[in-house]
Every structure is written in structure tokens, then in C-alpha cells.
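Novice: I'd like to go over a predicted model; first the sequence, then the structure.
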Amino acid sequence: MRTFVLASASPRRSAILSQLKIPFRVEPSDFDETADGLEAEDRPQKFAEGKALDVSRKFPQEYVLGFDTLVCLDGKALGKPKDSQEAVAMLRFLNGKRHKVISGVAIAFGGKIVSSAREVTDVVFRHLTDKFIEEYVASGEPMDKAGAYAIQGQGASLVKSVHGCFYNVVGLPVAKTLDLIAQLGDDNV
Ligand SMILES: Cc1cn([C@H]2C[C@H](O)[C@@H](COP(=O)(O)OP(=O)(O)OP(=O)(O)O)O2)c(=O)[nH]c1=O
């Protein structure tokens with residue numbers, strides 16, 4: 001079975017790939033996540049490609065998987081908050097509303113993109129009080145998460161419903177990723 005290189009420092013992505021029994025090792029990318037005029041909805045796929053390409057150039061003989069996740073509402077892209085003030089602002093913006101979580105996945109080989117895709121999951125937030133939001137941000141959990149929440153953690157208490165792939169919200173669109181791996185025509189899936 002082929003071993004992949006995971007171009008990600010995210011422990012969640014490692015945990016999900018392990019759960020799927022896909023052999024891999026981790027080589028985080030140095031890709032510069034600068035948006036430069038990209039539409040919010042196009043960013044995760046482009047960034048996933050950028051991360052996979054960056055690592056593929058260093059390991060051209062191996063298949064590299066890259067991912068990126070963004071929260072989108074009203075055309076605005078919410079990445080990881082830079083501080084707790086921004087985390088509070090993001091959660092107030094999302095409060096009581098339905099938003100999109102978009103993850104991109106890309107596979108690179110030999111310094112070139114082999115395939116890429118994106119997956120969209122809709123998440124509906126409950127109505128939260130300011131006190132609830134401030135206490136949640138003080139827990140520290142939101143700080144390395146797009147949109148300032150972790151649905152897989154205490155952040156589950158912010159969520160009313162999820163429409164689509166749950167793992168896509170956590171950063172790895174499972175079915176899309178397995179489809180791309182299957183297209184490689186090997187025996188991983
Ligand atoms: C919305 C949401 C996001 N997230 C995470 C998934 C991603 O790891 C992170 C978004 O940041 P990303 O820039 O997609 O990824 P990363 O910086 O964690 O890792 P790398 O670039 O090395 O691959 O937010 C959750 O864990 N739970 C959630 O509910």
C-alpha cells in the first residue's frame with residue numbers, strides 16, 4: 001500500500017487519516033497563505049494546492065496530500081483568529097446563523113498538482129450570549145481553528161445542526177479525499 005506525505009501540521013488531519021487507515025508521514029508546508037484577491041470560496045482549494053506543491057517540490061518521488069479549511073459567511077472568509085478579540089468578533093458574526101465551512105484537498109506528485117477538489121458543509125449556530133462566547137474564547141480552544149470554533153471539541157455546544165460531511169468541518173473532507181486517492185488507481189481505497 002502506498003504511503004502518502006501529509007503536508008499539514010494539523011493534528012486533526014493526522015488523526016482522521018489514521019482513522020481511515022491510510023499510511024502517511026507528516027511534512028508540514030511553508031506555503032505562504034496570502035489571499036491575493038482570491039474569492040473566499042476558491043481559497044481552500046487553491047491553498048490546499050499550494051501546500052501540497054510546496055512539499056511535493058521537496059519530496060518529488062512521493063504523493064503529497066494538502067488541505068485547507070475556511071469558514072465563509074456573506075462572502076467573508078474567516079480563517080484562524082489572530083487574537084482573542086478577533087475570535088470573539090468572529091463568533092459574534094456567526095452567532096445564530098448558517099454559514100459554510102469549505103475545505104480544499106489536493107494531491108501533488110513530482111512538483112505538480114495531480115488532482116484537487118473542494119467540499120462544502122453548512123453549519124448552523126445556536127443563539128449564543130456574549131457571556132457564553134467570551135467564556136468559550138477564554139478556554140483557548142478557538143485560537144488555531146478557522147472561524148474560531150472546534151465542532152469536535154467544546155465548540156459542539158455552539159452548533160445547532162450540520163449539513164454535509166462532518167469531517168470536512170474538522171479539516172479533512174473524507175469522501176472527496178478517498179475519491180481522489182482512488183483515482184490514483186492504487187490499492188489504498
Ligand atoms: C471550523 C473548524 C476548523 N477546524 C480547524 C481545521 C484546520 O486545522 C484549521 C484551519 O486551518 P488551516 O489553515 O486549514 O490548517 P492548519 O493551519 O491547522 O494546518 P496546515 O495548514 O498545516 O494544514 O481549523 C477545526 O479543527 N474544527 C472546526 O470546527
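Specialist: Great, that's in hand. Numbers count the residues shown, from 1 in each chain.

Novice: In the longest helix seen in the chain, which residues are buried?
Specialist: For the chain, the helix with the greatest residue count under DSSP state H is helix 43-58. By neighbour count on 16 or more other Cβ atoms under 10 Å, the buried set for helix 43-58 is 43-56. C-beta: built from backbone N, CA, C; applies to glycine.

Novice: chain center to the helix or strand following that helix, what's the gap?
Specialist: Using DSSP states H and E, the helix or strand that directly follows helix 43-58 along the chain is strand 64-73. In terms of Cα atoms, centre = their mean, to the nearest Å, the centre of strand 64-73 is set 4 Å apart from its chain centre.

Novice: Mind giving me the packing neighbours of strand 64-73?
Specialist: Contact here means 3 or more Cβ pairs under 8 Å, 6 or more residues apart in numbering; DSSP states H and E; on that basis strand 64-73 packs against strand 4-6, helix 43-58, strand 76-78, helix 84-94, strand 98-109.

Novice: hmm, try it at 6 Å
Specialist: strand 4-6, helix 43-58, strand 98-109 (3 or more Cβ pairs under 6 Å, 6 or more residues apart in numbering; DSSP states H and E).

Novice: ok, residues contacting the longest helix of the chain?
Specialist: Helix 43-58 is touched from outside by 5, 7, 27, 29-31, 33, 38, 64, 66-68, 70, 102-106, 108, 111, 113, 116, 118, with contacts defined as Cβ atoms under 6 Å, 6 or more residues apart in numbering.

Novice: lowest-confidence helix or strand of this structure?
Specialist: Ranked by mean pLDDT, DSSP states H and E, the weakest helix or strand in the chain is strand 76-78, scoring a mean of 95.

Novice: That one: which residues count as buried?
Specialist: Ala77, Leu78.

Novice: wait, does that strand make contact with the ligand?
Specialist: No - Strand 76-78 stays clear of the ligand (Cβ under 6 Å from any ligand atom), getting no nearer than 8.7 Å.

Novice: next one: phi and psi at Ser18?
Specialist: Dihedral pair for Ser18: phi -60, psi -40, per degrees, to the nearest 10.

Novice: same check, this time on Asn168
Specialist: phi -60, psi -40.

Novice: Distance of it relative to the ligand?
Specialist: Per Cβ to the nearest ligand atom, to the nearest Å, Asn168 is found 9 Å from the ligand.
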